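> this is the structure alone, sequence omitted:
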Ligand code: SAH
């Protein structure tokens, strides 16, 4: 078994990389692939960059070149479910590409991937449960140790929650109430939007391997995204996802 970990934040890759042992580094297609071990598991870690093409080409390289047979994708996302707050963690149980639309063709549904006969990429129940438990345990045991109270206060974070649900991906940063409204009407149980998860899920589906997507809510995908993004990534989000992934691998069978 070998796990491919893709992150959309360089900072989080650095944090995870520091925990790896026996590392070797290889550059390929403008990515840096770090092979090594984490909690005794063979792992290949890489900064995917942003967007569906970047993420799917990286996922394919992980599978084809580095022989991974499971994928984990982490990053930040815009929370569109009104019950979500900045700092909450979302685990995808289904992923959809919200910018795919060939519904002008007969019998094609909106968001359906041409020739694949499906729009959604479900994640196995057991994997989702493992990821939820890992994120919850990190929040419970490590949040207050690893993130300073004044940083949590700065971003209005008290006790973040972990939820699962649908994540929608597309090649655009969403920052409009109107678009959020539209997507919420079209996609049931939509929790958050981002730019990579469903692309990686499609690659995993086509190669018939499991794929987990974990996201920390960084904004509300609306007009008033007032947070200091770079600071949030460095001091909050990268710790959240890195911590959750470490917990997950600690318990991985
Ligand atoms: N880290 C950058 C901002 C990244 S924006 C910075 O320091 O300025 C693009 C990344 O954020 C992508 O990985 C995307 O998946 C995610 N993301 C976060 N909020 C999003 C939103 N509202 N819409 C789309 N993608 C979002």
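Cool, the structure landed. Predicted, not measured: the structure shown is a model, and the values here were computed from it. Numbering: from 1, shown residues only.

> now residue 27. Nearest residue, chain neighbours left out?
residue 33 (7.7 Å; CB to CB, 6 or more residues apart in numbering). No exception for glycine: its C-beta is placed from N, CA and C like everyone else's.

> element containing the one you found, please.
Assigned by DSSP states H and E, residue 33 belongs to strand 31-38.

> for that strand, which strands pair with it and how are they oriented?
strand 21-28 (antiparallel), strand 41-47 (antiparallel) (DSSP bridges).

> one step back: beta partners for the residue nearest to residue 27?
Beta bridges link residue 33 to residue 26, residue 46, judged by DSSP bridges.

> what does stretch 124-139 rub up against?
Counting by CB atoms under 8 Å, 6 or more residues apart in numbering, stretch 124-139 makes contact with 89, 91-93, 159-160, 162, 164, 210, 212, 214, 240, 243-248, 250-252, all of which sit outside it.

> cutoff 7 Å now
Stretch 124-139 is contacted by residues 89, 91, 93, 160, 162, 164, 210, 212, 214, 243-244, 247-248, 251 when judged by CB atoms under 7 Å, 6 or more residues apart in numbering.

> and the most centrally placed residue in the chain, what helix or strand is that in?
Against the mean C-alpha coordinate of the chain, by CA atoms, centre = their mean, the closest residue is residue 74 at 3.3 Å. Per DSSP H and E, residue 74 falls inside strand 70-79.

> what's the angle from that strand to strand 41-47?
Put simply, strand 70-79 runs at 40 degrees to strand 41-47, going by axes from the mean of the first three to the mean of the last three CA atoms, to 10 degrees.

> just use 8 as the starting number from now, easier for me
With the count now opening at 8, the last piece we talked about shows up as strand 77-86.
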